[in-house]
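> model this:
(one chain, ligands or ions: 1)
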Amino acid sequence: MYDVIIVGGGPAGSALGSFLSAAGIKNMILEAANHPRPHVGESMVTSSTRVFKEIGFLEVLEREGFIHKYGASWHPPTGKEFAIEFAEFPQEGIDQNYTYHVDRSKFDLLMLKHAEQRGTKVYQGVHVKQVLFEDGRAVGVRAMFGDKEVDLQSKFVVDATGRNTLLGNQLKLKVKDPIFDQYAVHAWFTGVDRGNERTADFIHIYFLEIERGWVWQIPITPEITSVGVVADKKVFRQSFSNQEEYFYTTLRTNVMAEHAMRNAVRINEFKVEGDYSYSLSKFVGNNFLCVGDAARFVDPIFSSGVSVALYSAKYASERIRVAFETGDFSEEALKPYETRMRGGVGIWYEFIRLYYKLLPLFTHFIQSKEHRLEVLRLLQGEVYDRKDVPVLDAMRKYIESVEKSDSHLMKSRLTDIPID
Ligand SMILES: Cc1cc2nc3c(=O)[nH]c(=O)nc-3n(C[C@H](O)[C@H](O)[C@H](O)COP(=O)(O)OP(=O)(O)OC[C@H]3O[C@@H](n4cnc5c(N)ncnc54)[C@H](O)[C@@H]3O)c2cc1C
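As a prediction, the model looks like this:
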């Protein structure tokens, strides 16, 4: 009998395992895959550093030589580069001015091993079929160990199954995002021209002249670069018959992206991600909660996913600790976790919506003396426990003024994204 069964050993599940073991709460991770396994989501934001430090994982990241990410760079189709460096805005509790780009198969394996070293019992290759309930409370899981179906009991269950959303599906809690229906095709390449030395190891985002379209360029090793093309799914449906054509044709709508890829050689298969924005109608219930992508997923334009996974693990562990201290595992007792996560991810979502509403506004704001640091603070992932975010109000006001004007230069760039 374990105190907590964590279903899923991605960043959220592994970080939670590390936190719970440190708190003396006996926990087990059941992971369907056998790591190392590939995964999308290779670029971090700096707020993640705080959590890595807390669970003692920073040393591992340094030891393994993951690429240091000092900033981010945006390329509108016009060809001009706009870059930010994290060093411009030091963050409380973080004493390095960079974060990391990672090969997720290696990173996720290391995170899982780290949790194991700190006391988590880890089973890989174990697919959990369902969470078991009695009298409205989660009491364990039904899992496949090889071809054997086994029921395991626990006082508490955590869903960390990522976009598989085990509990979201089982309890019909999943609500598809009303706005975003993005479609991504990505692969690894050698021979990508990463541009000038100062920004070569930044993440590069190229804006495309298609609906909600952009390209990511993420250095994975000195030689290998991850490149992904993202756009509204209907762009793919309406105009393309295969992924390769979609990838190259849309990428070429930005001359800088085309230039960066002129000598690139693909070294693995194209992978596709679709239908990925949603939220669960609740993140917690009696004796269970959901962390990371299993709770909510927002568009990845600002590389927020792993940071959200890590912070949800941190905040979930704090609430679970209180529950074990008080003996109260009720939905009500767990609600503060949900409120905190909804607040943080809600800020990311708002930022993303305003970004897509009027693309030139983002580059305008990161160049403005008045707003640059506040935008940077968001890009670093400082979104939790904030009462207000004045820069989002300022973005909203600016958009309203463009909407009202007949002659504003940005008027034709407004999209139909609702921002009310
Ligand atoms: C196109 C795209 C680009 C992205 N880019 C970035 C980026 O640059 N930076 C960033 O930070 N994030 C990015 N993300 C998001 C990032 O991939 C996720 O937010 C992150 O991986 C979430 O971690 P997690 O632990 O919640 O879930 P996951 O990493 O998905 O881990 C879930 C684990 O659960 C296991 N599992 C699933 N079902 C079961 C089951 N039934 N039983 C047992 N185990 C199970 C899976 O095998 C998996 O290992 C991107 C996402 C997309 C779609």
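> list the contacts of the spatially most central residue of the chain.
Among the residues of the chain, the one closest to the centroid is residue 305, at 0.9 Å (Cα atoms, centre = their mean). By Cβ atoms under 8 Å, 6 or more residues apart in numbering, residue 305 lies in contact with 41, 292-293, 297. Where C-beta positions appear, they are placed from N, C-alpha and C, glycine not excepted.
> same thing but at 10 Å, please
10-12, 40-41, 43-45, 162-163, 276, 292-293, 297-299, 348 (Cβ atoms under 10 Å, 6 or more residues apart in numbering).
> in helices, which of those fall?
If you go by DSSP state H, the contacts of residue 305 have 11-12, 348 in helices.
> pretty sure residue 248 contacts residue 261?
Yes - at 8.2 Å, residue 248 and residue 261 qualify as touching, with contact defined as Cβ atoms under 10 Å.
> and those two? which has more neighbours close in?
residue 261 (24 against 13; other Cβ atoms under 10 Å).
> any idea of the pLDDT on the more buried one?
As predicted, residue 261 sits at a pLDDT of 98.
> which bits of the stretch 101-250 of the chain sit near the ligand?
Counting by Cβ under 6 Å from any ligand atom, the stretch 101-250 of the chain comes close to the ligand at 127-128, 160-164, 166, 184.
> so which of these sit within strands?
Among these, the ones falling in strands (DSSP state E) are 127-128, 184.
> any quick ChimeraX command for the buried ones out of those?
Buried residues within those, by 16 or more other Cβ atoms under 10 Å, are selected in ChimeraX with:
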select :127,128,184
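> can the ones in strands among the residues of the stretch 101-250 of the chain next to the ligand go into CSV with extra columns for pLDDT?
CSV is the format used below for these (pLDDT from 0 to 100):
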residue, pLDDT
127, 98
128, 98
184, 95
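> list the contacts of the nearest residue to residue 249 once chain neighbours are set aside.
Counting by Cβ to Cβ, 6 or more residues apart in numbering, residue 249 lies nearest to residue 240, which is 7.1 Å off, once chain neighbours are set aside. Residues near residue 240 by Cβ under 10 Å, 6+ apart: 183, 185, 231, 246-247, 249-250.
> and residue 322, by the same measure?
By Cβ under 10 Å, 6+ apart, the contact set of residue 322 is 328-329, 333-334, 336-337.
> tell me the buried residues within those residues.
329, 333-334, 337.
> which pair in those residues spans the largest distance?
Greatest spacing in the buried ones among the contacts of residue 322, by Cβ to Cβ: 329 and 337 (12.0 Å).
> what residues do these two have in common as contacts?
Residues touching both residue 329 and residue 337 (Cβ under 10 Å, 6+ apart): 284, 289, 319-320, 322-323.
> correct me, but residue 27 touches residue 9?
No - the criterion here is Cβ under 10 Å, and residue 27 misses it with residue 9 at 11.5 Å.
> looking at the two, which is more packed in?
Neighbours were counted for residue 27 and for residue 9 using other Cβ under 10 Å; residue 9 has more, 31 against 27.
> thought residue 110 was touching the more buried one, still the case?
No - using Cβ under 10 Å, residue 9 is not in contact with residue 110, being 11.5 Å away.
> mutual contacts of those two, please.
By Cβ under 10 Å, 6+ apart, residue 9 and residue 110 have these common neighbours: residue 35.
> export the ones in strands among the residues of the stretch 101-250 of the chain next to the ligand as CSV, with columns for distance to residue 33.
CSV is the format used below for those (distance: Cβ to Cβ, whole Å):
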residue, distance to residue 33
127, 9
128, 12
184, 20
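> residue ranges of the strands in the stretch 101-250 of the chain, please?
121-124, 126-134, 137-145, 148-159, 174-176, 182-190, 203-207, 214-219, 224-232 (DSSP state E, counting those that start in this stretch).
> the second one packs against which elements?
If I follow you right, that is strand 126-134. The helices and strands touching strand 126-134, judged by 3 or more Cβ pairs under 10 Å, 6 or more residues apart in numbering; DSSP states H and E, are strand 2-7, strand 27-31, strand 137-145, strand 148-159, helix 166-170.
> quick one, it and strand 27-31 angle?
Using axes from the mean of the first three to the mean of the last three Cα atoms, to 10 degrees, the inter-axis angle of strand 126-134 relative to strand 27-31 is 130 degrees.
> mind listing what's buried along the helix or strand of the chain with the lowest mean pLDDT?
Within the chain, no helix or strand scores below helix 233-239, which has a mean of 87 by mean pLDDT, DSSP states H and E. For helix 233-239, the neighbour count (16+ other Cβ under 10 Å) marks 233, 235-236 as buried.
> for those residues, give me a markdown table that also has distance to residue 214.
A markdown table is the format used below for these (distance: Cβ to Cβ, whole Å):
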| residue | distance to residue 214 |
| --- | --- |
| 233 | 14 |
| 235 | 12 |
| 236 | 14 |
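> list just the nearest of the residues you listed to the ligand.
Among the buried residues of helix 233-239, residue 233 lies closest to the ligand (Cβ to the nearest ligand atom), at 12.0 Å.
> ok, now which ones touch residue 292?
If you count contacts by Cβ under 10 Å, 6+ apart, residue 292 has them with 8, 10-13, 15-16, 158-163, 305-306, 308-313, 316, 341.
> mind running it again at 7 Å?
Residues in contact with residue 292 (Cβ atoms under 7 Å, 6 or more residues apart in numbering) are 10-12, 160, 162, 308-309, 312.
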